[in-house]
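**Student:** sequence? don't have it. structure:
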């Protein structure tokens, strides 16, 4: 019974986070709190988002030495790390999210390029939520 309760609860958390986070702007014009972003937005203007708290969507991969957020399943599968963002999980259990579209709330760094410096940036202090069904098991 508990897993059936958790699925609606996960969706509720995602909806509440999206509603509370979207549309927030700061007087200084920075993009902090500017709503849900695609990974393309962050990678296309990584310096503008450096050090900012972001809410970003993408395809999540949780593999040995390859924990990242990617724009598509293909970029994750073929190891196109330069198109992805390394995700520091800091004790968060996320193996069950491997192969799923997710929403990640965290602090983006353009200078920390993740494992081996292979990624386009990284996300720290994250919360991660499923945003759709798994594409592969």
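**Tutor:** Done, it's in. Computed from a predicted structure; not experimentally measured. Numbering: from 1, shown residues only.
**Student:** Show me the shaky parts of this protein.
**Tutor:** 1-35, 133-137 (pLDDT under 70).
**Student:** where along it do the helices fall?
**Tutor:** 2-21, 39-44, 46-49, 73-77 (DSSP state H).
**Student:** who touches the third one?
**Tutor:** Identification of contacts with helix 46-49 by C-beta atoms under 8 Å, 6 or more residues apart in numbering yields 31, 37, 41-42, 108, 110, 120-121. (Glycine included, C-beta is placed from N, CA and C.)
**Student:** in stretch 101-119, what's buried?
**Tutor:** By neighbour count on 16 or more other C-beta atoms under 10 Å, the buried set for stretch 101-119 is 101-110, 112-114, 118-119.
**Student:** Contacts only, for the spatially closest residue to residue 56 that is not a sequence neighbour.
**Tutor:** Closest residue to residue 56 apart from its sequence neighbours, by C-beta to C-beta, 6 or more residues apart in numbering: residue 37 at 4.9 Å. Contacts for residue 37 were tallied using C-beta under 8 Å, 6+ apart; they are 49, 54-57.
**Student:** Go ahead and flag the most central residue of this structure.
**Tutor:** By C-alpha atoms, centre = their mean, the chain has its centre lying nearest to residue 104, at 3.4 Å.
**Student:** returning to what we had before: out of the contacts of helix 46-49, what pair is the most spread apart?
**Tutor:** The span of these, defined through C-beta to C-beta, is set by 31 and 120 at 17.2 Å.
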